[in-house]
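*Asks:* got a predicted structure here, sequence first:
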Amino acid sequence: MLRSCVSLLRTPGVLCVPLGGASPLARDSWPLRSYSSEVAHRDHSLPNPSWSKDMRLIFDQFMKKSEDGSWKRLPSYKFISSKRLEEVKIFFPDSKPVKEEPLSQARLFPRSLEEGLGFEYAMFHNQVENRTVCILQGGPYLQGIPGFLHGGAIATMIDSTVGMCAVLTGGAVMTANLNINFRRPIPLCSVVVINSQLDKIEGRKLFVSCNVQSLDEKTLYSEATSLFVKLDPKKTSP
Ligand SMILES: CCCCCC/C=C\CCCCCCCC(=O)SCCNC(=O)CCNC(=O)[C@H](O)C(C)(C)COP(=O)(O)OP(=O)(O)OC[C@H]1O[C@@H](n2cnc3c(N)ncnc32)[C@H](O)[C@@H]1OP(=O)(O)O
């Protein structure tokens, strides 16, 4: 399994554009203001040579679903713009980095590994149904028990998916609670689908749940519930 995954990384032939004719979610429609154009961008939620046939297949299916506008592919970047950093400072004005230099290297955790070796994923959002789906191919650097994904890697992508679902509804939110049941181990380099949905909103609290399934929906790998809290600029923490 691992060998086939690694050999995929060496497969030539690139398709780095979205398929199916649907356009990616426009940056300006992002709820928390647009990313700054001054930041070098590469959208990492598009097919690359490390993607398996299964990954391409499910990606193409969601791109097809996006043609009528009901689903939108969410672009994904490694770096946060300086503008976005300023927005975050509104909520954490007193926070001081321990050292400035490492911050210049800061990047989104799930996008921090080399192509094909870590988290290969793309997310799609359905605004009417308040659902976010993540298609995930977990690479060889995410191993826990030999041949299977590390639980922390699974938790990372669950948090990212339910987090995106919450952000797209609530704006500036943070995870307050995340509860995961790991039902079956996920084979390394396989493709799984994380289906999340906003269940309810109570004041500043957003409750989001999700499941992680195989492509054929026959295997339920994990289930999770989460609580996100909308940040309150009047309440500042470190
Ligand atoms: C800054 C936003 C930038 C957005 C950028 C978007 C870009 C990309 C998105 C990708 C998605 C990434 C997803 C990843 C998200 C994370 O992993 S965040 C990191 C992990 N989380 C944290 O570090 C949070 C630490 N906690 C806090 O900072 C605070 O506790 C809090 C902000 C969550 C809440 O604090 P506060 O605002 O003071 O609220 P409270 O008064 O404490 O609580 C409000 C209500 O919520 C209830 N509550 C709070 N915590 C819990 C809990 N753990 N369990 C259950 N309930 C909780 C609390 O009881 C209050 O309820 P009531 O109002 O009384 O009913």
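*Replies:* Yep, it's here. All values derive from a computational prediction rather than experimental measurement.

*Asks:* in what helix or strand does the residue of the chain found nearest the ligand lie?
*Replies:* Closest residue of the chain to the ligand, Cβ to the nearest ligand atom: Gly163 (2.5 Å). The way it works is simple: take the backbone N, C-alpha and C, and place the C-beta from them, glycine included. Using DSSP states H and E, Gly163 maps to helix 151-170.

*Asks:* following that helix, which helix or strand comes up?
*Replies:* Following helix 151-170 in sequence, per DSSP H and E, is strand 173-182.

*Asks:* is that next one anywhere near the ligand?
*Replies:* Yes. Using Cβ under 6 Å from any ligand atom, strand 173-182 reaches the ligand at 174-177.

*Asks:* in a markdown table, list those residues along with neighbour count, pLDDT and distance to Ser82.
*Replies:* Below are the residues of strand 173-182 next to the ligand laid out as a markdown table (neighbours: other Cβ atoms under 10 Å; pLDDT from 0 to 100; distance: Cβ to Cβ, whole Å):
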| residue | neighbour count | pLDDT | distance to Ser82 |
| --- | --- | --- | --- |
| Met174 | 14 | 97 | 21 |
| Thr175 | 15 | 98 | 24 |
| Ala176 | 12 | 98 | 27 |
| Asn177 | 11 | 98 | 31 |
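
*Asks:* from memory the residue of the chain closest to the ligand sits against Phe228, does it?
*Replies:* Yes. If you go by Cβ atoms under 8 Å, Gly163 and Phe228 touch, sitting 7.0 Å apart.

*Asks:* now the common contact residues for the two.
*Replies:* Residues touching both Gly163 and Phe228 (Cβ atoms under 8 Å, 6 or more residues apart in numbering) are 173, 175.

*Asks:* the two - which one has more neighbours?
*Replies:* Between Gly163 and Phe228, Phe228 has the larger neighbour count (other Cβ atoms under 10 Å), namely 26 against 19.

*Asks:* show me the contact partners of the host helix or strand of that one.
*Replies:* According to DSSP H and E, Phe228 maps onto strand 220-230. The contact list for strand 220-230 (Cβ under 8 Å, 6+ apart) reads 154, 158-159, 162-163, 166, 170-186, 192, 204-214.
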